[in-house]
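J.: Sequence and predicted structure below; questions after.
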Amino acid sequence: MNECGGALGATAGNRHNRPPSPAQSSMSYTVSADEQHRLVEVVYSGPITSSTRICAMEDGATLLDAHGFARVLVDLRDASAVPEPSHAANAFAARIAHRPRMRNSRLAYVAHPDQHANLLAQNLAAARHVDVAHFHKRDAALNWLLQDP
């Protein structure tokens, strides 16, 4: 278990729900390495705070580094954003901007049509040479991630 209250899953078949730590909102997420597709998958459920997204991103980066992957699938369909001041969202975006492993990678978000993207984080990712795309179905996101860039 890490300081965020979670453990990393080694493969797609070994995912762990993460109970919230007392300092965070009641949110859970899983981060796992999918060896078959050579990607890291992050699945959120419940309310999402920027600090929780930072923890999930750091867990995902650990797996990216360990496996040498360059693809990330983020599933937001069972999550909802917690209203926060803009400096909280900026902290997440700044973390993405300074994460060296994210350079030259592909990031696919899966969300419902009524869920809105964090445009600041998306723009920073694009500036770091990260291909970002949004999908409403996991299969479509996976197909895009598996295509040659």
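T.: Right, received. Where do you want to start?

J.: How are the strands of this protein distributed by residue range?
T.: For the chain, the strands defined by DSSP state E cover 28-34, 39-48, 71-81, 106-110, 131-135.

J.: of those strands, which approaches M57 most closely?
T.: Closest approach to M57 among the strands of the chain (Cβ to Cβ): strand 39-48, 7.9 Å. No exception for glycine: its C-beta is placed from N, CA and C like everyone else's.

J.: where does this structure have low pLDDT?
T.: 1-27, 93, 96-104, 116-129, 149 (pLDDT under 70).

J.: Report the inter-axis angle for the longest helix along it versus strand 39-48.
T.: Counting residues, the longest helix found in the chain (DSSP state H) is helix 50-67. For helix 50-67 against strand 39-48, the angle by axes from the mean of the first three to the mean of the last three Cα atoms, to 10 degrees is 170 degrees.

J.: let's number from 245 now, not from 1
T.: With the count now opening at 245, the last piece we talked about shows up as helix 294-311.

J.: Buried ones in helix 294-311, by neighbour count?
T.: Across helix 294-311, burial judged by 16 or more other Cβ atoms under 10 Å covers 294-301, 303-308.

J.: which helices and strands sit right next to that helix?
T.: In terms of contacts (3 or more Cβ pairs under 8 Å, 6 or more residues apart in numbering; DSSP states H and E), helix 294-311 is packed against strand 272-278, strand 283-292, helix 330-341.

J.: quick one, the last one and helix 294-311 angle?
T.: Pointing back at helix 330-341 there. 10 degrees.

J.: Also the shortest one?
T.: For strand 272-278 against helix 294-311, the angle between stretch directions is 20 degrees (the same axes, to 10 degrees).

J.: got a list of what H281 touches?
T.: 256, 315, 386, 389-390 (Cβ atoms under 8 Å, 6 or more residues apart in numbering).

J.: Name the member of those that has the highest neighbour count.
T.: L389 (24 neighbours; other Cβ atoms under 10 Å).

J.: ok, for F336, nearest residue in space, not its chain neighbours?
T.: S294 (4.4 Å; Cβ to Cβ, 6 or more residues apart in numbering).

J.: show me what contacts that neighbour?
T.: Taking Cβ under 8 Å, 6+ apart as the test, what S294 contacts is 328, 332-333, 335-336.
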